[in-house]
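Novice: Let's see this in three dimensions:
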Amino acid sequence: MRNIKLTIAYDGAGFHGWQVQPGVPTIQSALNEAASQITQEKITLHGASRTDTGVHALGQVAHFRTHSRLSAAEFQRALNGLLPPAIRIVAAEEVGPDFHSRWQSQAKTYRYRIFRGRVLSPFDHLRVLHYPWPLDEDAMAAAARLFEGEHDFTSFAAASGIEDDDRDMTRVIYSSEILREPDRDEIAYVVRGRSFLRYMVRKIVGTLVEVGKGRLGLSDIQRIFEARDRNASGPTVPPEGLYLMSLEYPDPADSLAATSVRSRHSKRGRE
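Specialist: Residues are numbered from 1 along each chain as shown. Got it, this is the predicted structure:
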């Protein structure tokens, strides 16, 4: 059984998110159908991130197992020939049997686009949040940095059927910043972390926008963390401005070296 890793870009505007749902188009269902048609096997792709309805991706990663003898490059060409134009396989490679796109991910980077100009181009419709009114972007940038590090993100998560006391709501954010796009009247929130709660990025952006409006100050960010109350944060901004940019995985050479070291130690223990 071979293991094929795919890097996928998609325009999420016409899909009900990543995960298969009955009766509606999703990214995963389109990929499953195309891969199954190519291999004549029942294929299920496992994605690294379950992006929501309307969310886009430039670097989603997924994998699937197959008995097919097609090369990774042939899979890429065949899938792109069958998939709708809104989904593209940008890279494909064969990986080891232990690779898992979700469980082995070490970091994810998301980008949220906010267009600041007065008139939104029709080509950016459903691609950005349009906010042409005044915002204190310097205050937003200062507030964004306060999300770095390890925090309890209960106040920045969607409600779930599980009591928050029963969930680990702690997440580690490696970088969090507001960037000005060169040559465009646009800013972007870019965040990189180990993992994220549902709606977490969109609620952080909503909170930063409230800072930009002057409705929240820098001192309020810590207060919101400590409240552990999702009603304390800013609103959840719409999904169309959110992009999954990339995922990071261990270097295969590092994994092989670690395996070799463990093997040597195991042998010594038996000698």
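
Novice: what's the nearest residue to the most centrally placed residue in the chain if we skip its chain neighbours?
Specialist: In the chain, the centroid-proximal residue (C-alpha atoms, centre = their mean) is Leu244; its distance is 3.9 Å. Among residues not flanking Leu244 along the chain, Ala57 sits closest, at 4.2 Å (C-beta to C-beta, 6 or more residues apart in numbering). C-beta here means a position set from N, CA and C on the backbone, and glycine is covered the same way.

Novice: again with Arg116
Specialist: Asp185 (4.7 Å).

Novice: number of nearby residues for that neighbour?
Specialist: Asp185: 13 surrounding residues under other C-beta atoms under 10 Å.

Novice: Do you know the pLDDT at it?
Specialist: Looking at Asp185, its pLDDT is 95.

Novice: what sits against it?
Specialist: By C-beta atoms under 8 Å, 6 or more residues apart in numbering, the contact set of Asp185 is 115-117.

Novice: As JSON lines, those with neighbour count would be great.
Specialist: As requested, the contacts of Asp185 are exported to JSON lines (neighbours: other C-beta atoms under 10 Å):
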{"residue": "Phe115", "neighbour count": "22"}
{"residue": "Arg116", "neighbour count": "19"}
{"residue": "Gly117", "neighbour count": "14"}
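
Novice: possible to save these as CSV with pLDDT, distance to Gly17 and secondary structure?
Specialist: What follows is these, written out as CSV (pLDDT from 0 to 100; distance: C-beta to C-beta, whole Å; DSSP: H, G, I helix; E, B strand; the rest coil):
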residue, pLDDT, distance to Gly17, secondary structure
Phe115, 98, 23, strand
Arg116, 97, 28, coil
Gly117, 96, 29, coil
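
Novice: ranges for the strands of this structure?
Specialist: 2-10, 46-47, 56-66, 87-95, 107-115, 129-130, 149-152, 170-180, 186-193, 242-248 (DSSP state E).

Novice: Partner strands of the first one, with direction?
Specialist: Meaning strand 2-10. strand 56-66 (antiparallel), strand 87-95 (antiparallel) (DSSP bridges).

Novice: And those: which comes nearest Arg127?
Specialist: strand 56-66 (7.3 Å; C-beta to C-beta).

Novice: so the residue nearest to the centre of the chain touches Ser49, yeah?
Specialist: Yes: Leu244 lies in contact with Ser49 (C-beta atoms under 8 Å); the separation is 5.5 Å.

Novice: who touches both of those two?
Specialist: 57, 60, 108.

Novice: in stretch 94-111, what's buried?
Specialist: 95, 99, 101, 104-105, 108-111 (16 or more other C-beta atoms under 10 Å).

Novice: For that stretch, measure first residue to last.
Specialist: 28 Å (C-alpha to C-alpha, to the nearest Å).

Novice: State the mean pLDDT of it.
Specialist: Per-residue scores along stretch 94-111 average to 97.

Novice: now what about that stretch, what contacts it?
Specialist: 1-5, 46-49, 59, 61-63, 71-72, 174, 188-196, 201, 242-250, 252.

Novice: Check Ile27 and give its pLDDT.
Specialist: pLDDT, Ile27: 98.

Novice: ok, it - contacts?
Specialist: Contacts of Ile27 by C-beta under 8 Å, 6+ apart are 8, 10, 12, 15, 17-18, 47, 51, 57, 60, 87.

Novice: pLDDT weak spots in the protein?
Specialist: 160-166, 253-271 (pLDDT under 70).

Novice: so where do the helices sit in it?
Specialist: 27-39, 72-82, 137-145, 200-213, 218-227, 252-270 (DSSP state H).

Novice: Return the set of buried residues in the third one.
Specialist: Residues of helix 137-145 classed as buried under the neighbour-count rule (16+ other C-beta under 10 Å) are 137, 139-141, 143-144.

Novice: tell me the angle it makes with helix 200-213.
Specialist: 140 degrees (axes from the mean of the first three to the mean of the last three C-alpha atoms, to 10 degrees).
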